[in-house]
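[1] test case, fold it:
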Amino acid sequence: MGSIYNTSLNKMAKTRKLTATFADGTQTTRTTARTYTHAIIGVDKWGNHYEKWCGRPDLVAKQTAKLTTYKVGEVTNDPWAA
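    So this is what the prediction gives:
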């Protein structure tokens, strides 16, 4: 008896490793299949530490508005970038 699942739909997207570099020279990495342009590292008003990745400038502004201190870095190593 055959499988009831269509295995061609259950395959994951190919991923690659992104590197974001901040103005002070620090770097952070992420493995993903999504497209990102910026990374944000920061602390909110309660002292929680965050690392966020954004794909558009308006989303960067939205995330930084929630943080009291933060650094914004740009993706510098994207193998899929044209």
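[2] for residue 35, give me phi and psi.
    The main-chain torsion angles of residue 35 are listed as degrees, to the nearest 10 and equal phi -100, psi 120.
[3] let me see the contact set for it.
    55, 80 (CB atoms under 8 Å, 6 or more residues apart in numbering). No exception for glycine: its C-beta is placed from N, CA and C like everyone else's.
[4] if I look at it, how far off is residue 19?
    Plainly put, residue 35 is 14 Å away from residue 19 if you go by CB to CB, to the nearest Å.
[5] return the distance of residue 29 relative to residue 58.
    In terms of CB to CB, residue 29 sits 24 Å off from residue 58.
[6] for residue 79, same thing?
    In this structure, residue 79 and residue 58 are 25 Å apart, going by CB to CB.
[7] next one: residue 40
    Counting by CB to CB, the separation of residue 40 from residue 58 is 13 Å.
[8] common neighbours of the two, please.
    Contact criterion CB under 8 Å, 6+ apart; no residue bridges residue 40 and residue 58 by contacting each.
[9] please, which helix or strand holds the most centrally placed residue in the chain?
    Within the chain, one residue has its C-alpha closest to the average C-alpha position: by CA atoms, centre = their mean, that is residue 53, at 3.0 Å. For residue 53, the enclosing helix or strand under DSSP states H and E is strand 49-54.
[10] where do the helices sit along this structure?
    Taking DSSP state H as the test, the helices found in the chain are 57-65.
[11] show me the shaky parts of it.
    Where the chain drops to pLDDT under 70, the residues are 1-12, 82.
[12] recalculate using a threshold of 50.
    Counting by pLDDT under 50, the chain contains no low-confidence range.
[13] which residues of it fall in strands?
    For the chain, the strands defined by DSSP state E cover 16-21, 27-32, 38-43, 49-54, 69-77.
[14] contacts for stretch 60-80, please.
    With CB under 8 Å, 6+ apart as the test, stretch 60-80 has contacts from 16-24, 26-28, 35-45, 50, 52, 54, 81.
[15] one more time with 10 Å
    14, 16-30, 33, 35-50, 52-57, 81 (CB atoms under 10 Å, 6 or more residues apart in numbering).
[16] about what we covered before: so of the strands of the chain, which one's packed in deepest?
    Per-residue neighbour counts averaged over each of those give the maximum for strand 38-43, namely a mean of 19 (mean count of other CB atoms under 10 Å).
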